[in-house]
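A.B. asks: curious how this folds, go ahead:
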Amino acid sequence: MEKVSSPHDKLFREIWSDKEAARNFLENYLPANILSLIDLKALEIKKDSFIEKELEEYFADILYRINLKGEPGYIYILFEHKSWEEKWIHLQLLSYMIKIWQLHRRQEKGDKLPIIIPLVLYHGRKRWEVEVEFSGLFLGPKETLPEYIPDFQYILYDLSRYSDEEIKGAVIPRVILLLFKHIFDPNLWSRLPSLLSMMQDLSRQETGLKYLETILRYLFNTVEDMTVDEIKGMVEKTVSKEQGGIIMTLAEKLRNEGKEQGIQQGMQQGTKGLLRRLITRRFPVNSKEVQPIFTDLTTEQLEELGEKLFEAESLDDIRRWADEMRRKSK
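C.D. replies: Residues are numbered from 1 along each chain as shown. As a prediction, this is how the structure comes out:
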């Protein structure tokens, strides 16, 4: 099966580009003081008309337009799926916010700017520890000179801080959030039966089959060495015969797609294995720490990373280069 350029982003955009899923997520996770100011029924997704034509190189994320007490405003969602923190997340968010405001000036009438509420959804291996206030990045007597220090904060949703029971919402958003939460978990296999059981309900909904295929594709593109036979054994123990048949039909379809890509994937896995061995010899780390670096990289990008390997002074250098490659390919 063909590896998509970024399976995490692809799944995220496909689900949260659906208005009902977006409303359900925001209804369950926005702070109460913000919810009291907005009308979720009037939510608009500005993905195509507002972003892609002029800001395609910057945005891999989603922008919703809302009304804040009758005035226009935006909720910008940045989806972070790296396995390490982004120290300069505030600058990244601020640059996106400025571009949104600049486009707003050109597209809308009026001499005021809308409020933007940035949200960061993160599901890396470690807890997110970067502070949410932009002013926390500044040195010097901040208390004495506050008028010269720009400030804002983002709303953080670090899924590692939620128990499975605390992840709320309708079936589709909840399944996706649980997948994101556990996708790097070594014990993912023990959790998949309960997720498959929830997928059984998905197949009864009007758009359920579409989401089932999207979710299975995500698993095959993200979980290394997952096979249809393994999914089959789990399905037979988890869901009804009828629903299991639907899931297996989709899984077989994905396996058939994968036959055409087998040689390329084999080459890619060989490149990953070689890079993993080289990195673990160069730096005192284990292979589990190295594996997430390769997520979503093409064969060409892996080869480029290998060429730069001996310029690296630390594992963070390699992570940064890999992250830059992912961003350029979006």
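
A.B. asks: any chance you could map the strands in the chain?
C.D. replies: Taking DSSP state E, the strands of the chain run over residues 44-45, 62-68, 71-80, 115-122, 155-158.

A.B. asks: let's have the ones you listed in JSON lines, adding mean neighbour count.
C.D. replies: The way it works is simple: take the backbone N, C-alpha and C, and place the C-beta from them, glycine included. Converted to JSON lines, the strands of the chain look like this (neighbours: other CB atoms under 10 Å):
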{"stretch": "strand 44-45", "mean neighbour count": "16"}
{"stretch": "strand 62-68", "mean neighbour count": "19"}
{"stretch": "strand 71-80", "mean neighbour count": "19"}
{"stretch": "strand 115-122", "mean neighbour count": "21"}
{"stretch": "strand 155-158", "mean neighbour count": "18"}
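
A.B. asks: return the member of these having the minimum mean pLDDT.
C.D. replies: Lowest mean pLDDT within the strands of the chain: strand 71-80, a mean of 79.

A.B. asks: give me the contact list for that strand.
C.D. replies: With CB atoms under 8 Å, 6 or more residues apart in numbering as the test, strand 71-80 has contacts from 8-9, 12, 16, 26, 30, 38, 46, 60-67, 86, 89, 92-93, 96-97, 100, 108, 114-124, 128, 154.

A.B. asks: in its sheet, what does it sit against?
C.D. replies: Strand 71-80 sits in its sheet next to strand 62-68 (antiparallel), strand 115-122 (parallel), going by DSSP bridges.

A.B. asks: could you dump the ones you listed into JSON lines with distance to Thr271 added?
C.D. replies: Listed next are the strands paired with strand 71-80 as JSON lines, based on distance: least, CB to CB, whole Å:
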{"stretch": "strand 62-68", "distance to Thr271": "32"}
{"stretch": "strand 115-122", "distance to Thr271": "28"}
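
A.B. asks: poorly predicted segments of the stretch 1-150 of the chain, please.
C.D. replies: For the stretch 1-150 of the chain, the stretches with pLDDT under 70 are 1-6, 47-61, 79-84.
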